[in-house]
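A.B. asks: Structure for the following, please:
(2 chains)
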Amino acid sequence: MTHLPIIVVALYLATAFALPLLGRVKKLHTGYFSLCIATAGLVMSLLTLFYVAREGTFSYFPGDWPPPVGIELSVDWVTVLMHLTINLIGLLVLFYCIEDLSSEVRPGHETWYYTLFFLLMASLNALAMAFDMFTVFVFTEICTLAACALVAIKPKALCVEAAFKYLILSTLGSGMLLLGTSLVYMVTGHLNMGLIGQLLPQAIDLYPLNILIALGLFIIGLGIKSALFPLHTWLPDAHSSAPTPSSALLSGLVVKLFIIVVGRIIFQVFGSELFLMIPIPEVILLFATFGIFAGSLMAIAQTDIKRMLAYSSVAQVCYIYMGMALVSQTGIQGGLLHVFNHAVMKSLLFLAAGAFIYKTGIRKIEDLVGIGYRMPLTMAAFSVGALSMVGIPGFSGFISKLTLAFGALEAESPFFVVVIIISSLLNAVYYLPIVLRGFFGRPATEFQWDKLPLLIIAPVLALAVINIFFGIFPGSLQELARLAAETWLP
Amino acid sequence: MNGEFYNYLPLWATLLPVLATIPLFFIERRSPMFRDFFAIAVSGLTFLTVAIMYPYIAAHGTIGVSYPQVFPPFGISFQVDLLGYLLALIASAVWFLATLYSRVYMQHEGGGNRFYPFLLLSLGGCIGVFTASDFFSLFVFFELMSLSAYVLVVHEETEAAMAAGYKYLILTLIGGLALFFGIVIAYELAGNVDIRPGHFLFTEHTRLAFVAFLSFLVGFGMKMGIFPMHVWLPDAHPVAPSPASALLSGIMLKTGAYGLLRVVFNIYGADFIQEAGWHIILLVLATITIFLGSAVAIAQPDIKRRLAYSSIGQMGYILLGIGLLTVTGLQGGIFHIFSHAVMKSTLFFAAGAIIYKTGKRRVAEMKGIGYQLPVTLACFSIASFAMIGIPPLNGFISKLLLSMGSLDAGMPFFVVLLIVSSLMNGIYYLPIVINAYFGAKPDEEKMGGWRRLFTELKPSMLIPICLLALACLIFGLFPGNFPLKWAEIIATMLIGGG
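C.D. replies: Alright, predicted model coming up:
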């Protein structure tokens, strides 16, 4: 059982490389084949969850080489939560891919898309459990390249431009990550996070500058990759121009994993004591607060629905950063809850928006008038996502906001509760008009059902159901997030 | 607390209308007539469910169940005491009458397929507010009710309706978020947000406690329509279809008043508020609200808009009753919650009947309308007289109690305020009545003699109007009636420590 997490990564990598070959086999539909693999991945991460719940968390050493020499993969509660999120969202997005891709990429490129998809999924799964700076770097690179390619695969100049921007900035981030890693390695002689963490308290007296600069590099480098305001500039272009499934993956999963890496570096390498010594939390909180407002305000100004969703991601990512930077257990719990909830909400919104585009070709928000009569189920699912974003009780977004608010009060800074509240209102200002335009304000056109392919409507509805379920019965998820938060801040 | 069947009654009263929307969704695609009857049956059943709670409440004090696994860490829980019961009873009764009234009225509005599900959803939310046993559950149902009511407000989908609806939605969200803020603070400081007698969440005068008080005031005040949070009300209430306006003005505003009652007497306690002097805030707001509502109502040419402004003034009375912190004043306030619900629904139903029958909305156009719709106008007149506070009607009793409460509190100024505002009520209600009867010569043709007296409207519209007008009379004529007695018990209980 302990091998399962690494098997997932290996399986995905193997599938990624096997797919181009399998694509040559005439009778094999690569899409359905990919679905089987992704389902297996989800089952394995569920099994890991049950295993960890029964036997406790563990560290995995590939080839049984212990840390100073070998690699360490930490299968703790954070990993479990992230694996579950990645594989669940990935699977649902893959369902959507099968019908949607034909309208988004060049004919015959679908198989390449699945290859990139599995490369991305493998790297995300690995990033979630990597407990080794160099492993983090390697999979960061794989993830970045796969993500850029997933944007550029759409045959449009806009996508290539956005992907290029993404690539340049992301590579800059990777460089910073590598530089930071080498600075830390110079001081401590280790790459393993646990060992670095043990040595840092002594090292900081001897080489304070090295460590400070390394911390700065980590935060900025990973900040670029996770679109921490004001390093977010690549995100709106990349996420809005990408094919819909890529947008859902990028907004829902990719940026989150880098936040998890930041969290690991901050809490498990540097330790929260050190973290509190240097005013890094205040700086992140400042950025996050500005990001929440700036992201929402820019989202209000957008006319393109996918671009608006992308800007909304900028704001939502800052919630997660805020939860972590509050340095209270409930705050981190709220942040991690939001990782899951936002992944569900945002992929739901992107997929629903993609379904509008697939069916009607409308991208402009003002043209979506009366869409609720033509595509009622899709619009209802979109409304679920929108209400969840606003934070209406009964939807999962409310739960993470509530937990974040408790976290802010626990950290004795009620100011951030006010930030959450004002930003909820701003979310309402740009999400609700879409819902209202969709359903009201014009004499009902002829009501009809969606008439979408099952593989497009099913994942959208499944995400909406997941959202409502975890909005009303969030107990198990909250417990999972609490355990994960305890890993970081006991 | 779980176990006996009667403990589940509040749960069912809340869930029944909410769950009924699912079969309703399928029924309405088949037959509009069956849809109407189904909606009426559901709201009638809800009323019955609420009504049969009474013996158990009389025997056990409170009944309810809790489900901690939903929405942890708070849980959803139901608990009905006398105050919640009184309001749930009047809410479900008026809702039933409104559904009955809608059957004919909505035929000329159209769009019933959207109207009825949301009417039932907001009924569920409203009953949930009155039967919730902690602030979080209350908040959840409050949001359910407010958001479903949006659909009722924008029903006509005209530009004015959309604009009013948007204003309503944004301000409702602001109110909801303010409530959220207050609840989060209360939970963080006290560890729970339960509504229990003698269980105060705040015991120290801290800045955070004051911030929480203000957030609660904004949250519930927004719904209640007190100055300066009233701006959505005069736009939203008139554009809604009349049965919805009656519910918005008559019942849904009261959820705000109910919440504020709970905040003042259950979260903080009368003594705490008195010591802190925060009731002054309430009293000042009440004064401004009463004046503003009544004064602006005078200038309104549109009948429904006039009624909406009048609601603002009337909510000021209730706020005054809460802010006085005396037993008599509070009794007046609580009784006014009840009587205003009856009066305002009568008025909106009657106004709706006028619009339905004649299409006239402007007060100036309604000359001689009393001959066309004699019974409707008679009911309208009774309710207007009750609003003004003319003796044998229920409005008089609440004003009397409020005045006595002001004297008890040593603030005779408020008696003057009540008198002046009664005068202003007279100024804007009486012209409608006078115009209707004396504005034009009796028109025998239109009147059609006594035989046609009760055929002016379909019975399903006329009966709710008559019943409610009768209620105005009965609850005024017999001062020993149950709402008045209950209001006294509740007021004594609340002042004495929740």
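A.B. asks: and residue A:355, how many neighbours does it have?
C.D. replies: Burial of residue A:355 is recorded as 27 neighbouring residues (other CB atoms under 10 Å in any protein chain shown). For the C-beta atoms, the positions are set from N, CA and C on the backbone; glycine is no exception.
A.B. asks: now residue A:221
C.D. replies: If we define neighbours as other CB under 10 Å, then residue A:221 has 27 of them.
A.B. asks: What pLDDT does the model give it?
C.D. replies: At residue A:221, the predicted lDDT confidence score is 92.
A.B. asks: what residue ranges in the chain score low on pLDDT?
C.D. replies: I'll assume chain A. For chain A, applying pLDDT under 70 flags the ranges A:272-273, A:275-276, A:441-446.
A.B. asks: Not quite, go with chain B.
C.D. replies: Counting by pLDDT under 70, chain B contains low-confidence ranges at B:1-3, B:442-454, B:497-498.
A.B. asks: List, one by one, the residues from it near chain A.
C.D. replies: Taking CB under 8 Å from any CB of the partner chain, the part of chain B that reaches chain A is made up of B:69-72, B:111, B:139-140, B:143-144, B:147, B:151, B:154, B:157, B:162, B:165-166, B:169-170, B:173-174, B:176-178, B:180-181, B:184-185, B:187-188, B:208, B:211.
A.B. asks: Residue in the stretch 51-200 of chain A with the shortest distance to chain B?
C.D. replies: residue A:81 (17.2 Å; CB to the nearest CB).
A.B. asks: List the residues that contact that residue.
C.D. replies: A:336, A:339, A:340, A:480, A:481, A:484 (CB atoms under 8 Å, 6 or more residues apart in numbering or on different chains).
A.B. asks: The fifth one in helix, strand or coil?
C.D. replies: For residue A:481, the reduced secondary structure class is helix; criterion used: DSSP: H, G, I helix; E, B strand; the rest coil.
A.B. asks: Tell me the spacing between it and chain B.
C.D. replies: According to CB to the nearest CB, to the nearest Å, residue A:481 stands 12 Å off from chain B.
A.B. asks: Next, count neighbours for that residue.
C.D. replies: So residue A:481, with other CB under 10 Å, has 29 neighbours.
A.B. asks: how about the strands in the chain?
C.D. replies: No chain was given, so I picked chain A. A:58-60, A:73-75 (DSSP state E).
A.B. asks: actually it's chain B I care about, not the one you picked
C.D. replies: Taking DSSP E, the strands of chain B run over residues B:66-67, B:76-77.
A.B. asks: Identify the residues contacting residue 320.
C.D. replies: You didn't say which chain, so I picked chain A. Here residue A:320 is in contact with A:256, A:259, A:335, A:336, A:338, A:339, A:342 (CB under 8 Å, 6+ apart).
A.B. asks: oops, chain B please
C.D. replies: Residue B:320 sits next to B:282, B:283, B:286, B:287, B:290, B:329, B:333, B:402, B:406, B:414, B:417 when contact means CB under 8 Å, 6+ apart.
A.B. asks: what about the last one, distance to chain A?
C.D. replies: Separation of residue B:417 from chain A (CB to the nearest CB) stands at 35 Å.
A.B. asks: got it, and the fourth one?
C.D. replies: With distances taken as CB to the nearest CB, residue B:287 is found 29 Å from chain A.
A.B. asks: Would you check that that residue makes contact with residue B:319?
C.D. replies: No. Using CB atoms under 8 Å, residue B:287 is not in contact with residue B:319, being 9.3 Å away.
A.B. asks: more neighbours, those two?
C.D. replies: Under the criterion of other CB under 10 Å, the comparison of residue B:287 against residue B:319 puts residue B:319 first, with 27 against 19.
A.B. asks: could you list every residue that touches the residue positioned nearest the centre of chain A?
C.D. replies: Centroid-nearest residue in chain A, with CA atoms, centre = their mean: residue A:253, separated by 2.4 Å. Contact analysis of residue A:253 by CB under 8 Å, 6+ apart lists A:85, A:86, A:89, A:90, A:124, A:343.
A.B. asks: For stretch A:25-34, buried residues please.
C.D. replies: A:30, A:31, A:33, A:34 (16 or more other CB atoms under 10 Å in any protein chain shown).
A.B. asks: Looking at the stretch 201-350 of chain B, which residue is nearest chain A?
C.D. replies: residue B:208 (6.9 Å).
A.B. asks: coming back round to it: between the strands of chain B, which one is nearest to residue B:464?
C.D. replies: strand B:76-77 (32.2 Å; CB to CB).
A.B. asks: Where does the stretch 351-498 of chain B get nearest to chain A, which residue?
C.D. replies: Nearest to chain A in the stretch 351-498 of chain B, going by CB to the nearest CB, is residue B:359, at a distance of 19.6 Å.
A.B. asks: What is the burial count for that residue?
C.D. replies: As a burial measure, residue B:359 scores 9 neighbours (other CB under 10 Å).
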